[in-house]
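Chemist: turn this into a structure:
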Amino acid sequence: MSVKQSVKDIYQAVGGDGNIVSLTHCVTRLRFKLKDEGKVDDDQVKNIPGVMGVNHQSGQYQVIIGNAVSDYYKEITKLGNFNTGEGKEVPQEKGSLFDRFANFISSCMSPLIPALIGGGMIKVILIILTTLDILSTKGQTYTILSAFGDAPFYFLPVELAYTASKYFKVNTMLAVSLAGILIHPNFIGLVDAHKPIFLMGLPVTAASYSSSVIPILLIVWAMKYIEGGIDKVCPASLKSILKPLLELFIMGVLALVIIGPIGTYAGDLLSAIILFIQSRASWLAMALMAAFMPVIVMTGMHWAFAPIFLAASIAHPDSLILPAMLVANVGQGAAALAVAIKSKNKNTKQVATAASISALLAGVTEPALYGVTLKYKKPLYASMISGGIIGFFVGIIKLKAYAFAVPAFIALPQFINNANKMNFTYAVITAVASLVLTFILTYIIGFDEEKPKEETKKADVSNLSEGANETKKVYAPVAGEMISLESVSDKVFADKIMGDGVAIIPSDNKIYAPFDGVVTTIFPTKHAIGLKSNTGVELLIHIGLNTVELDGKPFTEYVKVNQKVRKGDLLLEVDLDAINKAGLETVTPIVVTNSKDFVEVVPSDKIVVDNNSKIMYIV
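Modeler: Alright, predicted model coming up:
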């Protein structure tokens, strides 16, 4: 069947103009923004010739085509009257009220997490230093370092004003200025004076907004409508002067007189609810939270809880979310460790070991969840059972976190408090119990592991490295930690729809040629490059996941299409920090796109690789 016919079938299957809001494409996929994804039959789309698969992600309906995606894109844009530009605004995505609320909270909170973790870890270090009498709480060093740790929390209204303004598409600097009003020293002075406050005769609630979450989110939400209303009534000739004046004045009054107090009362209510749960049924709440935390992480909702425990922890330590995360994070690491020890597959051992270290030491559970426990299912069930049991214990002892840090073994000092000396001991017991019980349950329940192919087992990699003429080698294009392709969180790569290969979590910002060959493709957004070796291996290096959304900004290219390259030649340079700040993963899949032309693609057994490391042997 021709490309044109396949394109027509795709166009009709996704609902045509009536259902397509916009369309873009990356190096392998058509990325549709649809009014209603539920109208599309995935199986029907998958059966269209030329379609390798489909994927639902980030509000997009992705149709995986492969290297010929640009041909399909050109043809499909001839059929419809829909938006194909990145910069044009599209209608708000539909969904339940809860889904939209959760997406709003996550969108606003997620960019703040690095700052909150950084500040939280500084506070954890200060706890250690003062507990060991290495640092005095009365010294200037302690005072200044406390400011380092407190700043991300104290200025939460300003930080949230920035992220919320991006979400609601209102003027960012005006939103930040409104947050500044809430924590301005003059206003704080009036609050601290403990006298009635009035603004033009209107009563102002004497509330403290530093470290608050809910008030500024409500303020920026209301700002969306006020800004739109001013746009409609303000004369165009005076808009540059009147609009910012009116918006700052109107929203400032509303913020102090109406919206801010409502947000404060909402925060107090959340705090009261959590304290009520802790006093009446903490054992049940903690058992459920710890057991289902892996599922919460899978849905991306774990940071959506941040406003809840931040609102509650302004005056009280957190005894719900962070203790539950301690149980669940250690449990995921323990389950991955059990898989690593019990597995007979070297690649599984490699992935599970790295994932276990990440979860146990740093509290980063996504590698363990997506690469191990969710993949094999039984370890996930074991960790959830263990989480419920240990969570029950934690609820009874009422474990409390006194600093915000991602719970793991390194961050255990966040549970130290001189007024509650047994709390840290309980935290250590909790972590160790979660580690031991989850490990034992996972080891006993076991998991169904795919057996390695008999033709070329990983044990034979050493022989392949000596390489007969029929064995081709691919070197690491970037230094970093090598993981299996199956452990990549993107289903298209994990299911090897594009071909077999490996992935690397880069530690360097330079991408080099992995063999002698020629550059076949450089995508306009520079996030992916295609190569063909002199021995016939066609390779796709895809830097990060969904990095097409960055429109090429973090990437610098040093080669051109059809240019011949030798192993070690610099191909691209990438700003990894920019990718991280955008909330995207830097993990880089390296895929042999013509895998079907060979008997097998065999990954090496290395974990840490550099540009001289062989990462694949192609037979």
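Chemist: now the helices for the stretch 501-619 of the chain?
Modeler: 576-581 (DSSP state H, counting those that start in this stretch).
Chemist: which stretches of it form strands?
Modeler: 510-512, 517-522, 528-533, 538-542, 555-557, 564-565, 570-574, 588-592, 601-603, 608-609, 614-618 (DSSP state E, counting those that start in this stretch).
Chemist: angle of the second one against strand 570-574?
Modeler: Put simply, strand 517-522 runs at 40 degrees to strand 570-574, going by axes from the mean of the first three to the mean of the last three C-alpha atoms, to 10 degrees.
Chemist: how near is residue 483 to residue 619?
Modeler: 22 Å (C-beta to C-beta, to the nearest Å). All C-beta atoms are positioned from the backbone trio N, CA, C, and that covers glycine.
Chemist: neighbour count: the two, which is higher?
Modeler: More crowded of residue 483 and residue 619, by other C-beta atoms under 10 Å: residue 483, with 23 against 16.
Chemist: my guess is that one meets residue 502, correct?
Modeler: Yes. Counting by C-beta atoms under 8 Å, residue 502 is a contact partner of residue 483 at 7.3 Å.
Chemist: pLDDT weak spots in the stretch 201-350 of the chain?
Modeler: 267-268, 270-271, 274-275, 277-278, 297-316 (pLDDT under 70).
Chemist: mind running it again at 90?
Modeler: 205-215, 217, 228, 231-243, 260-290, 292-322, 343-350 (pLDDT under 90).
Chemist: where exactly do the helices run in it?
Modeler: Going by DSSP H, counting those that start in this stretch, the stretch 201-350 of the chain shows helices at 214-233, 239-254, 260-298, 306-313, 321-342, 346-357.
Chemist: buried deepest among those, which one?
Modeler: The highest mean neighbour count among those, using mean count of other C-beta atoms under 10 Å, belongs to helix 321-342: a mean of 29.
Chemist: output the contacting helices and strands for that helix.
Modeler: If contacts are counted by 3 or more C-beta pairs under 8 Å, 6 or more residues apart in numbering; DSSP states H and E, helix 321-342 sits against helix 260-298, helix 306-313, helix 346-357, helix 366-368, helix 378-397, helix 422-445.
Chemist: hmm, residue 206 is touching residue 194, no?
Modeler: Yes. Counting by C-beta under 8 Å, residue 194 is a contact partner of residue 206 at 7.3 Å.
Chemist: domain boundaries for this protein, per the record?
Modeler: Split into domains by automatic domain parsing, the chain comes to 3-91, 100-286, 317-445, 458-618.
Chemist: for residue 292, which of those domains is the nearest?
Modeler: domain 317-445 (7.1 Å; C-beta to C-beta).
Chemist: chain center to that closest one, what's the gap?
Modeler: Averaging C-alpha positions (C-alpha atoms, centre = their mean, to the nearest Å) puts domain 317-445 19 Å from its chain's average.
Chemist: what distance separates the start and the end of that domain?
Modeler: 36 Å (C-alpha to C-alpha, to the nearest Å).
Chemist: could you shift the numbering so residue one becomes 19, and keep it that way?
Modeler: Understood, numbering begins at 19; the last thing we discussed is domain 335-463.
Chemist: contacts for stretch 49-64 next, please.
Modeler: 28, 31-33, 36-43, 69, 71-72, 74, 77-81, 108-109, 112, 566 (C-beta atoms under 8 Å, 6 or more residues apart in numbering).
Chemist: distance between that stretch and the chain's centre?
Modeler: Taking mean C-alpha positions (C-alpha atoms, centre = their mean), stretch 49-64 and its chain are 24 Å apart.
Chemist: buried residues, that stretch. List them.
Modeler: 49, 50, 51, 52, 55, 58, 63 (16 or more other C-beta atoms under 10 Å).
Chemist: and that stretch, what's its mean pLDDT?
Modeler: The average of the pLDDT scores along stretch 49-64 is 85.
Chemist: including distance to residue 314, could the domains of the chain go into a markdown table?
Modeler: Output for the domains of the chain, formatted as a markdown table (distance: least, C-beta to C-beta, whole Å):
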| stretch | distance to residue 314 |
| --- | --- |
| domain 21-109 | 19 |
| domain 118-304 | 11 |
| domain 335-463 | 8 |
| domain 476-636 | 16 |
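Chemist: okay, residue 224 and residue 212: which has more neighbours?
Modeler: The neighbour count for residue 224 versus residue 212, taken as other C-beta under 10 Å, is higher for residue 224 (16 against 7).
Chemist: contact partners of stretch 260-280?
Modeler: Applying C-beta under 8 Å, 6+ apart, the set of residues contacting stretch 260-280 is 189, 192, 195-196, 199-200, 205, 217-218, 220-223, 225, 227, 233, 236-237, 240-241, 244-245, 248-249, 252-253.
Chemist: same thing but at 6 Å, please
Modeler: 192, 196, 199, 217, 220, 222-223, 233, 236-237, 240-241, 244-245, 248, 252 (C-beta atoms under 6 Å, 6 or more residues apart in numbering).
Chemist: before we move on, back to that, now the helices of the stretch 219-368 of the chain in JSON lines, with distance to residue 596?
Modeler: JSON lines is the format used below for the helices of the stretch 219-368 of the chain (distance: least, C-beta to C-beta, whole Å):
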{"stretch": "helix 232-251", "distance to residue 596": "25"}
{"stretch": "helix 257-272", "distance to residue 596": "30"}
{"stretch": "helix 278-316", "distance to residue 596": "25"}
{"stretch": "helix 324-331", "distance to residue 596": "23"}
{"stretch": "helix 339-360", "distance to residue 596": "27"}
{"stretch": "helix 364-375", "distance to residue 596": "24"}
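Chemist: closest to residue 143 out of these?
Modeler: helix 339-360 (17.1 Å).
Chemist: output that closest one as PDB, nothing but the C-alphas.
Modeler: C-alpha atoms of helix 339-360 as PDB (Å, rounded to 0.1, in the frame of the first residue of the first chain):
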ATOM      1  CA  ILE A 339       3.200  11.700  53.000                       C
ATOM      2  CA  LEU A 340       7.000  11.700  53.700                       C
ATOM      3  CA  PRO A 341       6.900   8.800  56.100                       C
ATOM      4  CA  ALA A 342       4.800   6.800  53.600                       C
ATOM      5  CA  MET A 343       7.300   7.700  50.900                       C
ATOM      6  CA  LEU A 344      10.100   6.400  53.100                       C
ATOM      7  CA  VAL A 345       8.400   3.000  53.300                       C
ATOM      8  CA  ALA A 346       7.600   2.800  49.600                       C
ATOM      9  CA  ASN A 347      10.900   4.100  48.300                       C
ATOM     10  CA  VAL A 348      13.000   1.700  50.400                       C
ATOM     11  CA  GLY A 349      10.500  -1.100  49.400                       C
ATOM     12  CA  GLN A 350      11.000  -0.400  45.700                       C
ATOM     13  CA  GLY A 351      14.800  -0.500  46.200                       C
ATOM     14  CA  ALA A 352      14.600  -3.800  48.200                       C
ATOM     15  CA  ALA A 353      12.400  -5.400  45.500                       C
ATOM     16  CA  ALA A 354      14.800  -4.400  42.800                       C
ATOM     17  CA  LEU A 355      17.700  -5.700  44.900                       C
ATOM     18  CA  ALA A 356      16.000  -9.100  45.300                       C
ATOM     19  CA  VAL A 357      15.500  -9.300  41.500                       C
ATOM     20  CA  ALA A 358      19.100  -8.400  40.900                       C
ATOM     21  CA  ILE A 359      20.300 -11.200  43.200                       C
ATOM     22  CA  LYS A 360      17.900 -13.800  42.000                       C
END
